[in-house]
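Undergrad: I need the structure of the sequence given here:
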Amino acid sequence: MSDAARQLRQADEFVRRLTAAVRANQLYAPSHPLAGRALKALAESANQMLVDDASLAVGFIENEVVVGEIPLVHAGEAFSELLRRVRQVGIERITFDRGVPPEELALLIETLAHPERAGVTAPGQIPDPLAVLGALTRVRVGRLTLDERVEASAADVATIRRLYTDGVSIAGALWEMTQKEGMPDPNQAKQLVDSLAQAVAQNRTALMALTALKDYDNYTFTHMVNVSILVMAQARSLGIDGALLREFGLAALMHDIGKVRTPLEILTKPDRLTESEFAIMRMHVVDGAEILRRTPEIPALAPVVAFEHHLRIDGSGYPMGVKRASLNLGTMLCSISDVYDAMRSQRAYQGAHATDRILAVLQKSDGLHFDQHLVRRFSQLMGLYPPGNMVRLDTGQVGVVIRTFAPDPRRPRVRVIIDAAGTRLARPFDVNLWDVDSETAGPKSVVAPVDPKDFGIDPLTYL
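TA: Model (predicted):
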């Protein structure tokens, strides 16, 4: 298990034990064995988390729980009762110091479980849970400042960015090993996909935004990682998770591995390929299937997707003359992601296409090339202005797209960060373009995407 996966598991386990201890204290007296057992489990988890660090901060931001720099998946669902309790007391952050004594943990749990009686020693006395918790020495509670909220968000994005960069490096290593040894390292590939799958669940918006910030000198490896991310994002939107999700991600990561056998002068040619060169390029689907078929521990789906990802529903595409009664779902998701990522990329012989142009290509031929149900779901997932894109609004203001709106991909949620005069706002604000109408004051629509480089801004920090 990778360090990132281990840390995420420990963080999730710690908050689950904190939640369980509060629940046990609500149901039983502190002296009850079940309450004592829950408190002991929490203390053990705290000691484990504090082996390497002197303190551990747990932040509660709206419906999110962040342990250190690790945001937890679906926190609003899994820890809704804990979030309600800390909000009721007025807590946004709890910091645990190494060596926190059990009695301080017990007082914290009791106060969260029963804030209505915290500090009450006489009838009619007003409870003061913050004053009770303020007396603790190795457990500290408080609120997050605006800067701390921004830093928490930035830490999340920094973690995702580091994961993405590492993923591209690992994709390069898999490619080089296949060139030298004739097959990729299946364990290395699976570890990468595990990390990407966790990140897709943890912060899909930031990770998908990163796929648009291309390293054009490293297109082959970024394309591998991007297609894997986009396929897993699509699969999750269809309700696919667990081992099958990772099989989809691994097949997508390896979909172009047959290109290791394509002559370099063809693979890197700056101009359009001739028909004879393209015939050689088309062989990568056969080569990829053959490489993956004989690679130990590679799921059977991977060679299928490698072979089929340039086939279309009507039998067009290649390998030439191959026609299926139906294409595998993994193949169809990979085909959509492959075309989307290739068309939005700046190449020596091709400019990057806007999202509306790419979606039009995916939607053409009345479903003969791509499954239109899947294309429609993909359009809803990405929007015409995907998260992380900077856009100019009809008011002249500039913002960052932070969420798409499935019923109308043209109307995302935008975080406005620059006013019409070109001045950075000290306090950015959000606008849901799907909620506005002709009577609403302020921006009503997106005019056009803009290049973040023109403003010297990293849009991901606003996600």
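Undergrad: Which residues are in contact with Ala21?
TA: Residues in contact with Ala21, defined by C-beta atoms under 8 Å, 6 or more residues apart in numbering, are Ala35, Ala38, Leu39, Ala41, Leu42, Leu105, Ile109. Any C-beta I mention is one placed from the backbone N, CA and C, and that applies to glycine too.
Undergrad: can you check Asp341 too?
TA: By C-beta under 8 Å, 6+ apart, the neighbours of Asp341 are Thr211, His223, Asn226, Val227, Leu230.
Undergrad: ok, now Asp371?
TA: Ile313, Met332.
Undergrad: What is the burial count for Met390?
TA: By other C-beta atoms under 10 Å, 23 other residues sit near Met390.
Undergrad: Would you agree it is in contact with Gly399?
TA: Yes: counting by C-beta atoms under 8 Å, Gly399 is a contact partner of Met390 at 7.2 Å.
Undergrad: can you list the domain ranges for this protein.
TA: 3-144, 149-382, 390-462 (automatic domain parsing).
Undergrad: circling back to that earlier point, need the worst-confidence member of the contacts of Asp341.
TA: In terms of pLDDT, the least confident member of the contacts of Asp341 is Thr211, at 80.
Undergrad: name the element the residue nearest to that one when sequence neighbours are not counted belongs to?
TA: Counting by C-beta to C-beta, 6 or more residues apart in numbering, the nearest residue to Thr211 once its immediate chain neighbours are dropped is Asn226, at 4.2 Å. Per DSSP states H and E, Asn226 falls inside helix 219-237.
Undergrad: what comes up buried for that helix?
TA: 219, 221-236 (16 or more other C-beta atoms under 10 Å).
Undergrad: Please name the nearest non-neighbouring residue to the residue nearest the centre of the chain.
TA: For the chain, the residue sitting closest to the mean C-alpha position, by C-alpha atoms, centre = their mean, is Arg204 at 2.3 Å. Using C-beta to C-beta, 6+ apart and skipping the chain neighbours, the partner closest in space to Arg204 is Ala233 (5.6 Å).
Undergrad: so how far is Glu13 from that neighbour?
TA: 26 Å (C-beta to C-beta, to the nearest Å).
Undergrad: Same check on Ala197?
TA: In terms of C-beta to C-beta, Ala197 sits 19 Å off from Glu13.
Undergrad: of the two, who's got more company?
TA: Set Ala197 next to Glu13 and count neighbours by other C-beta under 10 Å: Ala197 wins out with 24 against 15.
Undergrad: Work out the gap between the helix or strand that one falls within and the centre of the chain.
TA: Take DSSP H and E as the rule and Ala197 turns out to sit in helix 186-210. Distance of helix 186-210 from the chain centroid (C-alpha atoms, centre = their mean, to the nearest Å) equals 7 Å.
Undergrad: residues of it that come out buried?
TA: Buried residues in helix 186-210, counted by 16+ other C-beta under 10 Å: 186, 189-210.
Undergrad: in the strand or helix carrying Val400, what counts as buried?
TA: Assigned by DSSP H and E, Val400 belongs to strand 398-403. Using 16+ other C-beta under 10 Å as the burial criterion, the residues of strand 398-403 that qualify are Val398, Gly399, Val400, Val401, Ile402.
Undergrad: pLDDT (mean, whole number) over the helix or strand that comes right after it?
TA: Using DSSP H and E, the next helix or strand after strand 398-403 towards the C-terminus is strand 413-418. Strand 413-418 carries an average pLDDT of 92.
Undergrad: Number the residues from 39 up from this point.
TA: Got it, the first residue is 39 from now on, which makes the last one we talked about strand 451-456.
Undergrad: and the angle from the next helix or strand after strand 451-456 to strand 451-456?
TA: For strand 451-456, the following helix or strand on the C-terminal side (DSSP H and E) is strand 462-470. Angle of strand 462-470 versus strand 451-456, following axes from the mean of the first three to the mean of the last three C-alpha atoms, to 10 degrees, is 160 degrees.
Undergrad: strands paired with the next helix or strand after strand 462-470, and their directions?
TA: Counting by DSSP H and E, the next helix or strand C-terminal to strand 462-470 is strand 484-488. Sheet pairing for strand 484-488, assigned by DSSP bridges, gives strand 428-431 (antiparallel).
Undergrad: roughly how far out does the partner strand sit from the chain middle?
TA: Put simply, strand 428-431 sits 23 Å off its chain's centre (C-alpha atoms, centre = their mean).
Undergrad: ok, and what's touching it?
TA: By C-beta under 8 Å, 6+ apart, strand 428-431 touches 423, 436-439, 452, 454, 481-490, 493, 495, 497.
Undergrad: where are the low-confidence patches of the stretch 189-338 of the chain?
TA: 189-194, 251-255 (pLDDT under 70).
Undergrad: beta partners of Phe134?
TA: Beta-bridge partners, per DSSP bridges, of Phe134: Leu94, Val177.
Undergrad: Give me the below-cutoff pLDDT ranges for the stretch 389-501 of the chain.
TA: Residues of the stretch 389-501 of the chain that meet the criterion pLDDT under 70 lie in 389-392, 403-404.
Undergrad: roughly how far apart are the nearest residue to Ile208 once chain neighbours are set aside and Arg181?
TA: Among residues not flanking Ile208 along the chain, Leu230 sits closest, at 4.7 Å (C-beta to C-beta, 6+ apart). Per C-beta to C-beta, Leu230 is found 38 Å from Arg181.
Undergrad: What of Glu148?
TA: Glu148 is 21 Å from Arg181, by C-beta to C-beta.
Undergrad: now swap in Ile278 and tell me
TA: Using C-beta to C-beta, Ile278 is found at 39 Å from Arg181.
Undergrad: Neighbour count: those two, which is higher?
TA: It is Ile278, of Ile278 and Arg181, that has more neighbours when counted by other C-beta under 10 Å, with 18 against 12.
Undergrad: Provide the secondary structure category for the more buried one.
TA: Assigned by DSSP: H, G, I helix; E, B strand; the rest coil, the conformation of Ile278 is coil.
Undergrad: One more: the one 10 residues further on?
TA: Following three-state DSSP, the label given to Leu288 is helix.
Undergrad: Could you find the closest non-adjacent residue to it?
TA: Excluding the flanking residues, the one nearest Leu288 by C-beta to C-beta, 6+ apart is Val231, at 4.7 Å.
Undergrad: isn't that neighbour right next to Gly287, touching?
TA: Yes: Val231 sits in contact with Gly287 when judged by C-beta under 8 Å, with a separation of 4.3 Å.
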